[in-house]
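Engineer: everything below, folded, please.
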Amino acid sequence: MEATSITRLLLLLPLLLLLAVALRALPLPVCRNNCGPIAINYPFGLDDGCGSPEFRRMLNCSAPDLFFLTPSGSYKVRSIDYDKQTVVMYDPGMSTCNALQPHHDFVLSDLQAVVVPPSSDTVFALLNCSIDSPVLNRYRSLCFNFSGHSCDELYAACTSFQMFNVTTGTGRFPPCCFTDFSTVKFMSMNILDCSHYTTVYGADDLKGIGPMDWSYGIELSYTIPNAGCEHCAKTGGTCGYNTETEGMICICSSFVNSSRVCAGGAGGSSSGDLATGGGNAVAGAATVFWLLLEVVRLLFLV
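Structural biologist: Numbers count the residues shown, from 1 in each chain. Purely as a prediction, here's the structure:
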């Protein structure tokens, strides 16, 4: 190898190393705003630092499917209604009219149970309960009338539930209980002494409608934290948070973050974060550009 080639290589190596470091320091893209056909808006976020910290790591996108993550598993999200502030999801391990699934519990974290619990018109139907079940004895007040529907109607209409008539050996269907989330929150299926469950949402609109046409799934109802996000959105920003302090930030671009609003917006520019973010972005881009020029110059050096 000629001496000039060796010299050129020795000069290139540190520049390439610096270029790699500079590229790693460049900001990541802004928050993703959809997963398949479902829009992802505040307070939700797919990327850490996006949305509200109360909803941190609750959603996962495995395109084109969106999943809601809980201690008991991942549930496929069917829709998010930002006007009604509801999330409809489906539990693949839940029994339905067409499929009898193995026994399992539905569990939310303590935080999820507060900020995004099942809506008031989501009904949990506990099936094939023992006569010793606490909801049929001491806690029978936890069971309620569900839009005029009965356990026998549910068992008779659904093919997958008709087997319960055989297992009892009495010619009658076993007891069931229509209840709400608070019951399964504090008592597991083992304690409830019921072998299966199914959930129905939009219960208030199902009067006179048979079980085959019910909307099976779980509707969650969330509240939006009052963090001043509307001011950020009005100035073209996306609401997010500092991943270390979980304090609110307004994400204005790939390079610029603000503590309240984006520059030029109705609220004007905010302090510190905006100027620092923009300055660092410009400096970082300039460094990368200079390093690229040096690499090109050395490659074509005669």
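
Engineer: show me where the stretch 1-150 of the chain has its helices.
Structural biologist: 3-25, 110-115 (DSSP state H, counting those that start in this stretch).

Engineer: what helix or strand does residue 195 sit in?
Structural biologist: strand 194-200 (DSSP states H and E).

Engineer: and the contacts of that strand?
Structural biologist: The list of residues contacting strand 194-200 from outside it, by CB atoms under 8 Å, 6 or more residues apart in numbering, reads 91, 94-96, 100-101, 103, 106, 118, 122-130, 133, 135, 146, 176-177, 184, 189, 206, 214-218. All C-beta atoms are positioned from the backbone trio N, CA, C, and that covers glycine.

Engineer: got the buried residues for it?
Structural biologist: 194, 195, 196, 197, 198, 199, 200 (16 or more other CB atoms under 10 Å).

Engineer: could you do stretch 165-185 as well?
Structural biologist: Quick answer for stretch 165-185 (16+ other CB under 10 Å): 165, 173-181, 183-185.

Engineer: any idea what residue 61 is bridged to?
Structural biologist: Beta-bridge pairing for residue 61 (DSSP bridges): residue 66.

Engineer: low pLDDT regions in the protein?
Structural biologist: Applying pLDDT under 70 to the chain flags the ranges 1-29, 166-171, 254-259, 264-302.

Engineer: tell me how far residue 139 lies from residue 246.
Structural biologist: Using CB to CB, to the nearest Å, one gets 38 Å for the distance from residue 139 to residue 246.

Engineer: looking at these two, which is more packed in?
Structural biologist: residue 139 (16 against 12; other CB atoms under 10 Å).

Engineer: what's the spacing between that one and residue 192?
Structural biologist: Look at residue 139 and residue 192: by CB to CB, they are 9 Å apart.

Engineer: what do you get for residue 55?
Structural biologist: 29 Å.

Engineer: next one: residue 135
Structural biologist: 6 Å.

Engineer: quickly list what's touching both of those two.
Structural biologist: Contacts common to residue 135 and residue 192, judged by CB under 8 Å, 6+ apart, are 126, 129, 177, 183.

Engineer: show me where the stretch 151-300 of the chain has helices.
Structural biologist: 151-157, 163-168, 181-186, 189-192, 229-234, 273-299.

Engineer: shared neighbours of residue 139 and residue 192, anything?
Structural biologist: The contact sets of residue 139 and residue 192 overlap at residue 183 (CB under 8 Å, 6+ apart).
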